[in-house]
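A.B. asks: Quick one, structure for this:
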Amino acid sequence: MHDSLTLSEKVFDVIVCGSGTSGSVVARRLSDDPDIHVLLLEAGAMQYSDALRDAGRWPEALGGPEDWAFPSEPDRGLNGRSLTMSMGKTVGGSSSINAMIWARGHQRDWDYFADEAGDSAWGYQAISDVYGMVEDYKGISDMPRGKGGLVTVWQPRNPHPVAKALVESAATLGIPSFVNPNGQMMTAKNGCAISDVRANGQQRMTIFDSYLRPILTRKNLSIVTGAEVQRLIMDGSRAVGVQVVVDGEQRTFKASLQIVLSTGAINTPGILMHSGIGRAEDLKRLGIPVVQDLPGVGENLQDHICFPTIWEFDHPMPAQGNGSEATLYITSDANRVSPDILMCQAEFPVCSPEIAQKGIPEHGWSLVAGLAQPKSRGRVRLRSANPGDPVAIHLNALSDPDDLDIARTAVELSRDIGAAYPLRDLNKRECYPGRTYGADLDLFLKESAVPFWHQTCTAKMGRDAMSVVDNNLKVYGIENLTIADGSVLPRITSGNTMAPCVIIGERASHILRQQFYDAPAVQFKG
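C.D. replies: Alright, predicted model coming up:
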């Protein structure tokens with residue numbers, strides 16, 4: 001990669017902080033123009049280990065060197081437990097350590113974003129056109145899907161027996177089956193389908209692989225790895241550069257046109273606050289000079305907190321592919337307009353450390369049921385004015401009573417699905433909740449809860465007093481600063497967040513290109 005000391009002497013057009021799911025997209029799309037000189041900064045490394053490349057070994061990366069592994073504060077709603085919030089610390093970000101599930105987001109999600117932003121370009125129809133441009137779909141669908149885009153998406157050709165049985169079992173309970181989760185199912189209240197994934201058989205494909213690895217030799221693209229962004233350099237209300245620690249040495253990089261923060265829903269608010277952008281009273285208390293009073297920075301933290309049920313297989317059935325090949329979206333009652341329960345099947349046991357200590361089967365599987373639209377809200381706070389100190393993450397999981405009610409429903413429904421006859425032939429027994437928690441389901445919820453690692457919404461897009469960015473992803477009151485990552489979502493999408501973060505990157509780069517050249521709108525193909 002490039003020498004950071006030499007690059008610190010240059011002024012770039014654009015600096016993109018973070019090469020993750022959104023940042024890789026922004027860096028690629030802007031560098032497509034040879035007249036735009038882009039610097040991409042990544043805190044992690046360039047090369048992938050075998051565990052990252054092998055689709056079925058993604059659990060091995062959690063907690064390892066490629067994972068930020070942020071610990072949350074002890075949570076009263078989880079009996080004082082602290083959860084590890086995994087996020088990718090390598091090129092490709094979380095697309096390099098996740099379960100590779102490609103979920104477009106429900107129609108109700110995107111139309112809500114459009115209402116919040118006051119911009120129809122964020123609505124479901126417009127976003128579907130963007131998906132049509134970026135995808136190269138290799139599967140069966142009940143609606144037109146993109147062909148020839150940069151993002152290849154596969155459907156498993158021969159799903160694991162438990163995945164196929166799960167779709168059949170859901171149908172016995174009145175949950176309709178769809179040929180694909182990203183077609184008509186994304187306008188329905190309930191549905192189950194074989195997942196779309198970013199893995200071709202046993203091989204993971206990251207967003208960095210799709211967008212940037214093919215064009216690493218571009219002269220107008222510079223990449224520095226091992227570069228941890230600490231704060232923005234401000235000239236009044238104008239962002240002009242970034243302060244970065246590269247391999248233990250502090251460096252300064254400057255940009256003339258734009259700085260793009262794509263560092264994720266934990267790091268992005270931390271960088272903003274260390275730069276004097278956040279709730280004024282909190283910054284003053286820490287001795288950080290206030291540049292812009294934005295009380296929404298770090299607020300509104302959301303994740304799909306989930307509660308895995310575990311079964312023991314009747315006979316050993318090794319996992320295959322990415323180990324998660326079926327997806328369910330469920331509406332818990334008829335009065336709700338969109339799914340509030342998300343389920344993904346895992347071909348191995350998934351559990352919290354507390355459950356693991358009680359013993360899990362050597363050969364088993366999980367139905368990982370989570371809150372698709374949680375009402376509980378967490379926050380990210382600074383501990384000190386030192387950028388080297390970790391932030392404090394307050395999840396406030398299950399703090400809203402409605403979340404606890406839906407969690408109970410989700411687990412009971414998981415048990416019913418697992419007991420349905422298509423799965424009954426594969427199962428030896430239900431392990432958890434099972435007899436251990438049969439009389440105290442609330443205790444199971446609090447001891448089994450784990451994150452889906454879909455941290456989002458801490459710098460939300462909108463027009464109210466708690467919004468951080470506008471419809472163009474520009475930070476209110478700050479010039480030359482764009483945020484392009486999951487932190488800008490007004491609320492979490494109903495499904496996995498990788499695909500929506502790609503769309504955020506596409507929207508950000510399109511908006512910036514228009515800004516730089518006052519260019520006409522791009523016509524996306526369907």
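A.B. asks: just checking, what's the longest strand in the chain?
C.D. replies: strand 249-261 (DSSP state E).
A.B. asks: Listing request: residues of the stretch 151-300 of the chain with sub-threshold pLDDT.
C.D. replies: Low-confidence segments of the stretch 151-300 of the chain, defined by pLDDT under 70: none present.
A.B. asks: quick revisit: looking just at contacts, which helices and strands does the longest strand of the chain meet?
C.D. replies: helix 4-7, strand 11-17, strand 38-41, strand 227-235, strand 238-246, helix 264-274, strand 481-483, helix 498-517 (3 or more Cβ pairs under 8 Å, 6 or more residues apart in numbering; DSSP states H and E). Any C-beta I mention is one placed from the backbone N, CA and C, and that applies to glycine too.
A.B. asks: Single out the most deeply packed of the ones you listed.
C.D. replies: Highest mean neighbour count among those (mean count of other Cβ atoms under 10 Å): strand 38-41, with a mean of 28.
A.B. asks: Now do that one: distance to the chain's middle.
C.D. replies: 21 Å (Cα atoms, centre = their mean, to the nearest Å).
A.B. asks: sorry, back to before: and the longest strand of the chain, which residues are buried?
C.D. replies: 251, 253, 254, 255, 257, 258, 259, 260, 261 (16 or more other Cβ atoms under 10 Å).
A.B. asks: before we move on, back to that, need the helices and strands packed on strand 249-261 in CSV with distance to residue 338, can you?
C.D. replies: What follows is the helices and strands packed on strand 249-261, written out as CSV (distance: least, Cβ to Cβ, whole Å):
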stretch, distance to residue 338
helix 4-7, 46
strand 11-17, 33
strand 38-41, 36
strand 227-235, 36
strand 238-246, 36
helix 264-274, 22
strand 481-483, 26
helix 498-517, 15
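A.B. asks: Hmm, residue 112 is touching residue 491, no?
C.D. replies: Yes: using Cβ atoms under 8 Å, residue 112 is in contact with residue 491, at 6.8 Å.
A.B. asks: which neighbours do the two share?
C.D. replies: Jointly contacting residue 112 and residue 491 under the rule Cβ atoms under 8 Å, 6 or more residues apart in numbering is no residue at all.
A.B. asks: Could you give the number of residues near the residue nearest to residue 151 when sequence neighbours are not counted?
C.D. replies: If the residues on either side of it in the chain are set aside, residue 151 comes closest to residue 134, at 4.8 Å by Cβ to Cβ, 6 or more residues apart in numbering. For residue 134, the count of nearby residues is 20 (other Cβ atoms under 10 Å).
A.B. asks: Next: the one 3 residues further on.
C.D. replies: A count of nearby residues for residue 137, using other Cβ under 10 Å, gives 23.
A.B. asks: The helix or strand containing it: which residues count as buried?
C.D. replies: For residue 137, the enclosing helix or strand under DSSP states H and E is strand 135-138. If you call a residue buried by 16+ other Cβ under 10 Å, then strand 135-138 has these buried ones: 135, 137.
A.B. asks: Mind giving me the packing neighbours of that strand?
C.D. replies: Strand 135-138 packs on strand 151-154, going by 3+ Cβ pairs under 8 Å, 6+ apart.
A.B. asks: now for the strand it packs on, which elements pack on it?
C.D. replies: strand 135-138, strand 199-200, helix 207-211.
A.B. asks: So for residue 439, which of these sits nearest?
C.D. replies: strand 199-200 (40.2 Å; Cβ to Cβ).
A.B. asks: and after that closest one, which helix or strand comes next?
C.D. replies: strand 203-204.
A.B. asks: which residues sit against that following strand?
C.D. replies: Contacts for strand 203-204 (Cβ under 8 Å, 6+ apart): 52, 53, 54, 55, 58, 96, 100, 198, 322.
A.B. asks: rerun that using 10 Å as the cut-off
C.D. replies: 48, 51-58, 92, 95-100, 197-198, 209, 321-322 (Cβ atoms under 10 Å, 6 or more residues apart in numbering).
A.B. asks: The chain - how does it break down into domains?
C.D. replies: Following automatic domain parsing, one gets these domains for the chain: 1-142+205-300+454-526, 156-194+306-373+398-448.
A.B. asks: contacting residues for the residue lying closest to residue 64 once chain neighbours are set aside?
C.D. replies: Using Cβ to Cβ, 6+ apart and skipping the chain neighbours, the partner closest in space to residue 64 is residue 51 (7.7 Å). Listed by Cβ under 10 Å, 6+ apart, the contact set of residue 51 reads 57, 58, 59, 60, 61, 64, 66, 97, 204.
A.B. asks: element containing residue 51, please.
C.D. replies: Going by DSSP H and E, residue 51 is part of helix 50-53.
A.B. asks: mind listing what's buried in that helix?
C.D. replies: 51, 52, 53.
A.B. asks: residues touching the last one, list them.
C.D. replies: When contacts are counted by Cβ under 10 Å, 6+ apart, residue 53 touches 47, 96, 202, 203, 204, 205, 206, 209.
A.B. asks: at 7 Å instead, please
C.D. replies: Contacts for residue 53 (Cβ atoms under 7 Å, 6 or more residues apart in numbering) come out as 203, 204.
A.B. asks: Need the pLDDT of it.
C.D. replies: pLDDT recorded at residue 53 is 95.
A.B. asks: and it, how far is that from residue 216?
C.D. replies: Noted for residue 53: a distance of 17 Å to residue 216, by Cβ to Cβ, to the nearest Å.
A.B. asks: What segments of the stretch 51-200 of the chain are strands?
C.D. replies: 70-71, 84-85, 135-138, 151-154, 191-194, 199-200 (DSSP state E, counting those that start in this stretch).
A.B. asks: hang on, I meant the stretch 301-450 of the chain
C.D. replies: So, for the stretch 301-450 of the chain - with DSSP E, counting those that start in this stretch - the strands run 306-313, 326-330, 341-346, 364-371, 378-381, 392-394, 427-432.
A.B. asks: Can you point out the buried residues in stretch 313-331?
C.D. replies: 313, 317, 319-331.
A.B. asks: Please disregard the earlier target; I meant stretch 369-380.
C.D. replies: Buried residues in stretch 369-380 (16+ other Cβ under 10 Å): 369, 370, 371, 372, 373, 374, 376, 377, 378, 379, 380.
A.B. asks: can you give me the end-to-end distance of that stretch?
C.D. replies: 25 Å (Cα to Cα, to the nearest Å).
A.B. asks: Name the residues that touch that stretch?
C.D. replies: Stretch 369-380 has contacts (Cβ under 7 Å, 6+ apart) with 266, 269-270, 298-302, 304-307, 309, 329, 339-343, 391, 393-400, 402-403, 406-407, 410-411, 414, 452, 458, 494.
A.B. asks: next one: stretch 453-461
C.D. replies: 85-87, 94, 98, 113, 116-117, 264-266, 268-269, 272, 296-304, 380, 466-469, 471, 473, 483, 486-492, 496-497.
A.B. asks: one more time with 6 Å, if that's ok
C.D. replies: 85-86, 117, 265-266, 268-269, 298, 300-304, 380, 467-469, 483, 486-490, 492, 497 (Cβ atoms under 6 Å, 6 or more residues apart in numbering).
A.B. asks: Stretch 129-141 now?
C.D. replies: Counting by Cβ under 6 Å, 6+ apart, 104, 145-149, 151-155, 179-180, 183, 503, 506, 524-526 sit against stretch 129-141.
A.B. asks: Could you pull up the residues touching the residue nearest to residue 345 when sequence neighbours are not counted?
C.D. replies: Excluding the flanking residues, the one nearest residue 345 by Cβ to Cβ, 6+ apart is residue 326, at 4.5 Å. Residue 326 is in contact with 163, 166, 167, 194, 345, counting by Cβ under 6 Å, 6+ apart.
A.B. asks: Dump the residues you listed into a markdown table; add distance to residue 232 as well.
C.D. replies: As requested, the contacts of residue 326 are arranged in a markdown table below (distance: Cβ to Cβ, whole Å):
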| residue | distance to residue 232 |
| --- | --- |
| 163 | 45 |
| 166 | 46 |
| 167 | 48 |
| 194 | 44 |
| 345 | 42 |
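A.B. asks: between the residues you listed, which is nearest residue 70?
C.D. replies: residue 345 (26.4 Å).
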